[in-house]
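# sequence isn't available, so here's the structure alone:
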């Protein structure tokens, strides 16, 4: 009875042990046939434990799909052994434009620098992306500029430099630093080519001060103490001054434009006051005749003039009035002038200064001169004397 009871308890235990032993045997068999493989995908390395017999099956196990532009080393059909190393490189479309010429190809390069090497682009070229930048599976487009020899003119000197990229790169290569207002032609962002000539114009904005004359104005006062029409300066005019501030644009040392920004009067102008006679008019000198006694005592060159707006004493100039200019005689002096060639005389009043020609002492108005000589003669030698 006891033996039957023991055998009933032992059977389940023995059965359970058999299952355990069988499971351990299966696991040991799997471990016996599994291989450790190093799998590198685009430079990223992992360790894979697999029972797959070929490279293609290992990739399938790892859900890695390869296409026509991808590379697998060793080949997909190669057998897998313990310690095998599998490398997968995905293909990427890379477009490289070198100096305007575009080329596209598939490459397994994973960095910009590696891809440029496949296109034959050396390290001296300028690229619009960092050479260490990774290239994704979607690919990349790159712009490449080859080194160019260009001419840079700045600060009065011209030099040839080798640079890549744009005008800004050429200026850096030439050691030219731009100021705030400097002008560059062509524009800084212009790509360089073999015919590029860069010109820098130094532009400076200056603020300068100028002293400017303010002309005086003239006022008149009527007085009865002077003959009608006579004029006399009572208070001489004095010009004023102002200080003006100007903003100048200077290009390469030359002022190209300027704008006045302010003006401040530093000395006011003083008006000139001229007295105008309203008293009894001075009788005009009678026309000379052969019977009139000629002037005597002095002899000099006498000419005539008919231009001007005001005389030296402030009167309005009348080219047909009986007046004259003298360098020394006081204003309002009456002078008789005689032409010895025909004996004709005229009496004139001094109200102007001149003439400033050697050998001449009087400059008569056109009207006065015509009383004693033809205007066509221009100048005569005459006698003269003060008569009032």
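On my side now, so go ahead. Only a predicted model underlies this, so the values are computations on that prediction, with no experimental measurement involved. Numbers count the residues shown, from 1 in each chain.

# state the distance from the residue nearest the centre of the chain to residue 154.
Centroid check for the chain by Cα atoms, centre = their mean gives residue 183 as the closest residue, at 4.0 Å. Computed as Cβ to Cβ, to the nearest Å, the residue 183 to residue 154 distance reads 11 Å. Backbone N, C-alpha and C define where each C-beta goes, glycine included.

# mind listing the shared neighbours of those two?
Common neighbours of residue 183 and residue 154, counting by Cβ atoms under 8 Å, 6 or more residues apart in numbering, are residue 200.

# which residues touch residue 366?
By Cβ under 8 Å, 6+ apart, the contact list for residue 366 reads 304, 305, 306, 319, 320, 375.

# helix or strand: which one has the fifth one?
If you go by DSSP states H and E, residue 320 is not part of any helix or strand.

# what's the burial count for it?
Neighbour count for residue 320, taken as other Cβ atoms under 10 Å: 11.

# run through who's touching the one helix or strand residue 152 maps to.
Assessed by DSSP H and E, residue 152 sits inside strand 148-154. When contacts are defined by Cβ under 8 Å, 6+ apart, strand 148-154 is touched by residues 158-164, 170-171, 174, 176, 192-194, 196-200, 202.

# thinking again about what came up before, report the beta-bridge partners for the residue nearest to the centre of the chain.
Taking DSSP bridges as the rule, residue 183 bridges to residue 201.

# OK, contacts around it?
200, 201, 203, 251.

# one more pass at 10 Å, please.
By Cβ atoms under 10 Å, 6 or more residues apart in numbering, the contact set of residue 183 is 199, 200, 201, 202, 203, 251, 252.

# where is the longest strand in the chain?
Determined from DSSP state E, the single longest strand within the chain is strand 254-267.

# for that strand, packing partners?
Contacts defined by 3 or more Cβ pairs under 10 Å, 6 or more residues apart in numbering; DSSP states H and E place strand 254-267 against strand 203-214, strand 240-251.

# pick the most buried one from the ones you listed.
Ranked by mean neighbour count, the helices and strands packed on strand 254-267 are led by strand 240-251 with a mean of 15 (mean count of other Cβ atoms under 10 Å).

# helices and strands around that strand, which ones?
Under the contact criterion of 3+ Cβ pairs under 10 Å, 6+ apart, strand 240-251 touches strand 203-214, strand 254-267.

# where do the domain boundaries of the chain fall?
With domains defined by automatic domain parsing, the chain comprises 35-89, 92-145, 148-201, 206-277, 283-386.

# list the buried ones in stretch 335-353?
Of the residues in stretch 335-353, 335-339, 344-353 count as buried by neighbour count, 16 or more other Cβ atoms under 10 Å.

# how far is it from where the chain is centred?
Stretch 335-353 has its C-alpha centroid displaced from the chain centroid by 67 Å (Cα atoms, centre = their mean, to the nearest Å).

# residue ranges for the helices of the stretch 51-200 of the chain, please.
Counting by DSSP state H, counting those that start in this stretch, the stretch 51-200 of the chain has helices at residues 55-61, 112-118, 167-174.

# just how off-centre is the first one within its chain?
In terms of Cα atoms, centre = their mean, the gap separating the centre of helix 55-61 from the centre of its chain is 67 Å.

# hmm, who's touching it?
By Cβ under 10 Å, 6+ apart, the surrounding residues in contact with helix 55-61 are 35, 37, 39, 41, 48, 50-52, 54, 64-66, 72-80, 84, 86-88.

# quick one: pLDDT of residue 356?
You'll see residue 356 listed with a pLDDT of 90.

# in three-state terms, how would it be classified?
Three-state call for residue 356 (DSSP: H, G, I helix; E, B strand; the rest coil): coil.

# and for it, the neighbour number?
For residue 356, the neighbour count with other Cβ under 10 Å is 9.

# cool, and residue 365?
When neighbours are defined as other Cβ under 10 Å, residue 365 has 24 of them.
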